[in-house]
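> Structure for the following, please:
(2 chains)
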Amino acid sequence: MLGIALSELLGAPVLDPGGRTQGRVREVAVCPQADTARVCGLIVKTKQGDRLLSPEGLAEISGGAVRANAPAEEWAPFTSSEGMLLLGRDLLDQQIIDVHGRKVVRVNDLDFHQEQVNHHLVLKVGDVDVGARGAVRRLLKGIVPAGALHALTQKLPPRVIPWEFVDLIETDPARRVKLKIEHERLSRLHPADIADIVEDLAPAEREAVFETLDEQVAADALEEVDPKLQVSIVQSLDSDRAADIVEEMGPDAAADLLADLSKEQSDKILEEMEPAEREEISELLEFKENTAAGRMTTDYLALAPTATVNDAIEALRKFEGGIEGVSTIFLVDKDNKPVGAVPLASLVLASSGTPLSTLAPGPPISCLAGTREKEVAELFDKYNLLMLPVVDGQGVLTGVITADDVISLLRSKL
Amino acid sequence: MNWLRRWKTRILIFAAVVGPGFITANVDNDAGGITTYSQAGAQFGYMLLWTMIPTTLALIVVQEMASRMGAVTGKGLSDLIREEFGFRITFLMMLGLVITNFGNVLAEFSGIALSLELFGVPKYISVPVCAVIVWLMVVKGTYKSVEKIFLVASFIYVTYIVAGLIARPEWKLALVATVKPPELSVFAHSAYLYMVIGVVGTTIAPWMQFYLQASIVEKGITPRQYGASRLDVISGCVFTDIVAWFIIVACAATLFAHGMFEIRNGADAAQALKPLAGNYAYILFTVGLFNASLFAASVLPISTAYAVCEGLGLESGVGKKFSEAPFFYWLYTALIAVGAGVILIPNVPLIQITVLSQVVNGITLPFVLIFMLLLINKKELMGSYTNSRFFNWVAWATTVVMIGLTLAWFWTLHQG
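Got it, this is the predicted structure:
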């Protein structure tokens, strides 16, 4: 028997070298600080209380029984589960994130790989079973004889997730640190996928994920989350952490989010932010949400008409905003009024010394701060825009609207 | 000004969370419920009205727990049962729920058939058409629009209140009977006891707890908004039982007063009302029965599909596409299609089916209530939102009384 399932292991009798029953397996522990997959001990319920059977003391597992190298008196008494992932309690029936399949799933069972090393047995978590095989095994365990059940479940098609693609969710922050749960694999997914996963979780678990994720990743993901959920997530975080995340969001998305919070809450978050970001967002907050100004962002590139392609590329390198804000580079006069727009594509095709003014076909299409959303969408459609500059009454450039925001807007109306 | 603004905020918060509690409580007055209430009024006049106040309290207590668990944990009831009690118990619970709710779906479709037959529509047309409407409404609509349809449907129950008014009951007698139970000697009559158990038993059903908690979660209600959500639950329960009160009163003032004690179902009651209370009362009663059956037929299959998929860890949600949540949609579709199909079989014993569905309801309910009480008292789950001692006391008493009544009811069934 090569593989063994967690549900087969839990409750299995543990025998000493002489074949006498010493107790039954109560839990299977992994110590993630040492090794994220290797079992670091079996917690065995014996007559002398709970004891920890270390991997070195484990001889073999066969015929539904665990064989130890020594009798129970020689195993260490089990004192604390600190730093241990208890697979039965923490994983069976709980939700995990399948990083490969990009969704939240519920664990039916766990499969271990066994390996014989120097007279003892090394158990490693192999796969998490989320399909019918684990379900049937759990359902019929103890009702159908073990051998027959094993044969039956082997016939069922497995639906498993390899252990390395599993991200655990732990709502207790202290335990998260001890168990090394960092959501490192989750944070490598596309922000939109992270958002979908987070939407499937319960509020406390959502909070746990957002507390753990890197600020930039958390901000990108939060932008993609449904606005109503954004609010409840930000409300659940402390204002310090919320400010760190909101700072990393695009100013337009951040302003939209803060506008949905109560005045008291948004002020608290603004207070915690860096002065530059705070000012930018405060300005955006002044605008009505369903106008051009309410949709615009202040992350964009504006250069003098005399600048060359080289200057533009230099500015691009230093640009800190999101990638959606660089598809067009605007040219402004000394009063900061837009006089031209250079598409990124023209920039790439031109030689480095070319003045930008020769790449701008004419004065750019722009709209006023108070323009209605519907007209903004019409302008994007009519002129095939990727970005639209927004100007105030004097014609001074105050922000830009990007195409991704218009798509979100249109989708919300579909 | 400040006062006005505060009230405006309160009303806005309430408007944002209203729905789940109100809808769940109202679906409780389904075809089976209306039948029981009509029978209670026809057979015993005003003598069962006193049960309305205690059952309303019990209903509020149980529904409040479900909605609180939903708001605090953000998880459905079957999710919680799975996480705390393991796979096998969850599986058995879900199996029981599917069987129970399938029985209820049958009862609802028979309600549709009976009510529309009174308007001259044969069941071979009404049942398939309604099945398709129900299916489309939930699958093709978004949760928001479906919820709005359900909320509007809740108000059609007002027809029963109007029918009660038309029936010209003796108000003073009815009101006194509402607060004052009859003499003890009345309880010795097994028929009366049987009816008491029926009225109480039809009030709290297993599916309601799953549905309510799931809709609270789907709506994204948080502990912050919980106060308003509680108001939604309480007002729903009160409205529901006011409707039930009027059904009993209407039947008492007409059928009981004229010695027509024997009615078999809600449609029977409507028909018997015709010569006694006039055409309007008859039409209102029939429309009420049709709405109640259609309403419950829309809610039950979807609540079952939700609960089962959550518990077994399968994808679910009306927001998902068919390919994303195949089992969810298949189960939902099968419950409706098979439920409607059985009713279409000629000479199918509708009444026995209804009784059987209530028996399974009764068997499943104690387990659900006990699981709920165990869950809601877990500190690591509910934090500071566990039951207070007083509330626990009331809830356990409700559970024990429900179990006792169910057992007593089985006993009366056995006695035949």
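
> I'd say residue B:246 and residue B:166 touch.
No - contact criterion C-beta atoms under 8 Å: residue B:246 and residue B:166 do not qualify, at 10.5 Å. To be clear about C-beta, it is placed using only N, CA and C from the backbone, and glycine gets the same treatment.

> So the two - more neighbours on which side?
Counted by other C-beta atoms under 10 Å in any protein chain shown, residue B:246 and residue B:166 do not tie: residue B:246 has more neighbours, with 25 against 20.

> what's the closest non-adjacent residue to the more buried one?
Spatially, and ignoring its direct neighbours in sequence, residue B:246 is nearest to residue B:164 (3.4 Å; C-beta to C-beta, 6 or more residues apart in numbering or on different chains).

> Could you measure from that neighbour over to residue B:237?
19 Å (C-beta to C-beta, to the nearest Å).

> How about residue B:384?
Applying C-beta to C-beta, the value for residue B:384 to residue B:237 is 24 Å.

> Can you pick out the residue with more neighbours from those two?
residue B:237 (27 against 7).

> For the residue of the stretch 301-414 of chain A found nearest chain B, the count of nearby residues, please.
Closest residue of the stretch 301-414 of chain A to chain B, C-beta to the nearest C-beta: residue A:414 (11.3 Å). By the criterion of other C-beta under 10 Å, residue A:414 has 4 neighbours.

> what do you get for residue B:95?
Around residue B:95 there are 12 residues (other C-beta under 10 Å).

> mind pulling up the phi and psi values for it?
Torsion angles at residue B:95 (phi, psi; degrees, to the nearest 10) stand at phi -60, psi -50.

> Show residues contacting stretch B:331-341.
Contact with stretch B:331-341 is made by B:98, B:101-102, B:105-106, B:108-109, B:127-128, B:130-131, B:134-135, B:138-139, B:297, B:300-302, B:304-305, B:308-309, as judged by C-beta atoms under 8 Å, 6 or more residues apart in numbering or on different chains.

> Need the pLDDT of the residue of the stretch 301-414 of chain A closest to chain B.
Residue A:414 is assigned 71 on the pLDDT scale.

> Skip the chain neighbours and tell me the closest residue to whichever residue of the stretch 151-300 of chain A sits closest to chain B.
Closest contact between the stretch 151-300 of chain A and chain B, by C-beta to the nearest C-beta, is at residue A:202 (3.5 Å). Nearest residue to residue A:202, sequence neighbours excluded (C-beta to C-beta, 6+ apart): residue B:74, at 3.5 Å.

> so where's the chain shaky on pLDDT?
If you meant another chain, say so; for now it's chain A. Applying pLDDT under 70 to chain A flags residues A:1-2.

> think we crossed wires, I meant chain B
Using pLDDT under 70, chain B drops low at B:1-18, B:141-144, B:265-266, B:273, B:275-277, B:351, B:354-355, B:409, B:412-416.

> what residues does it put near chain A?
When proximity is defined as C-beta under 8 Å from any C-beta of the partner chain, chain B approaches chain A at B:73-75, B:82-83, B:86-88, B:90-91, B:217, B:220, B:222, B:224, B:312-313, B:315.

> just to revisit the earlier point, count the residues that sit near the residue nearest to residue B:246.
28.

> Also the one 10 residues further on?
For residue B:174, the neighbour count with other C-beta under 10 Å is 19.

> I figured it hits residue B:251, correct?
No - look at residue B:174 against residue B:251 with C-beta under 8 Å: they stay out of range, at 11.7 Å.

> Who are the contact partners of the residue in the stretch 251-400 of chain B that chain A sits nearest to?
Residue of the stretch 251-400 of chain B nearest chain A, by C-beta to the nearest C-beta: residue B:313 (2.9 Å). Counting by C-beta under 8 Å, 6+ apart, residue B:313 touches A:105-108, A:130, B:82.

> Is residue A:50 in a helix, a strand, or coil?
In three-state terms, and counting by DSSP: H, G, I helix; E, B strand; the rest coil, residue A:50 is strand.

> what's the burial count for the residue nearest to residue A:330 when sequence neighbours are not counted?
Distances taken as C-beta to C-beta, 6+ apart put residue A:302 closest to residue A:330, at 4.6 Å, once the chain neighbours are dropped. The number of residues packed near residue A:302 is 15, by other C-beta under 10 Å.

> And residue A:262, by the same measure?
The burial count for residue A:262: 11, using other C-beta under 10 Å.

> Likewise for residue A:101?
12.

> Against chain B, how distant is it?
In this view, residue A:101 and chain B are 11 Å apart by C-beta to the nearest C-beta, to the nearest Å.

> So that residue lies in a helix, does it not?
No - per three-state DSSP, residue A:101 lies outside any helix segment and is coil.

> thinking it is in contact with residue A:159, fair?
No - with contact defined as C-beta under 8 Å, residue A:101 does not count as touching residue A:159 (9.9 Å).

> Figure out the helix or strand that residue A:114 lives in.
Residue A:114 belongs to strand A:109-117 when assigned by DSSP states H and E.

> To clarify, my last question referred to residue B:99.
Residue B:99 is located in helix B:87-118, with elements delineated by DSSP H and E.

> buried ones in that helix?
Residues of helix B:87-118 classed as buried: B:87, B:90-91, B:93-94, B:96-116, B:118 (neighbour count, 16 or more other C-beta atoms under 10 Å in any protein chain shown).

> mind checking how far that helix is from the chain centre?
Centroid separation between helix B:87-118 and its chain, computed with C-alpha atoms, centre = their mean, to the nearest Å, is 12 Å.

> cool, stretch B:252-264 as well?
25 Å.

> wait, doesn't residue B:86 sit right on residue A:92?
Yes - counting by C-beta under 8 Å, residue A:92 is a contact partner of residue B:86 at 7.4 Å.

> Neighbour count: those two, which is higher?
Counted by other C-beta under 10 Å, residue B:86 and residue A:92 do not tie: residue A:92 has more neighbours, with 22 against 15.

> Identify the residue spatially nearest to residue A:207, adjacent ones excluded.
Among residues not flanking residue A:207 along the chain, residue A:236 sits closest, at 4.3 Å (C-beta to C-beta, 6+ apart).

> In this structure that neighbour contacts residue A:208, no?
No - with contact defined as C-beta under 8 Å, residue A:236 does not count as touching residue A:208 (9.7 Å).

> Neighbour count for those two, which is higher?
Higher neighbour count among residue A:236 and residue A:208: residue A:208, with 22 against 18, using other C-beta under 10 Å.

> Contacts only, for that one.
A:169-171, A:173, A:176.

> any idea which element it lies in?
helix A:203-212.

> Over to residue B:24?
Residue B:24 belongs to helix B:20-27, assigned by DSSP H and E.

> Would you check how far apart the residue of chain A found nearest chain B and residue A:306 are?
Closest to chain B within chain A is residue A:106: 2.9 Å, counting by C-beta to the nearest C-beta. Using C-beta to C-beta, residue A:106 is found at 62 Å from residue A:306.

> Which one of the two is surrounded by more residues?
Using other C-beta under 10 Å as the criterion, residue A:106 and residue A:306 rank with residue A:106 on top: 21 against 10.

> Please report phi then psi for the closest residue to that one other than its chain neighbours.
Leaving aside its sequence neighbours, residue A:106 sits nearest to residue B:313 (C-beta to C-beta, 6+ apart; 2.9 Å). Dihedral angles phi and psi of residue B:313 (degrees, to the nearest 10) take the values phi 80, psi 30.

> separation between residue B:313 and residue A:270?
Distance from residue B:313 to residue A:270, counting by C-beta to C-beta: 41 Å.

> Does chain B have contacts with the strand holding residue A:114?
No - Strand A:109-117 lies out of reach of chain B by C-beta under 8 Å from any C-beta, never closer than 8.7 Å.

> distance between the next helix or strand along the chain from that strand and the chain's centre?
Sequence order places strand A:120-129 as the next helix or strand after strand A:109-117, per DSSP H and E. How far strand A:120-129 lies from its chain's middle: 26 Å, per C-alpha atoms, centre = their mean.

> wait, does whichever helix or strand comes after strand A:120-129 contact chain B?
From strand A:120-129 onward toward the C-terminus, using DSSP H and E, the following helix or strand is helix A:132-140. Yes - residues of helix A:132-140 are located near chain B by C-beta under 8 Å from any C-beta, namely A:135, A:138-139.
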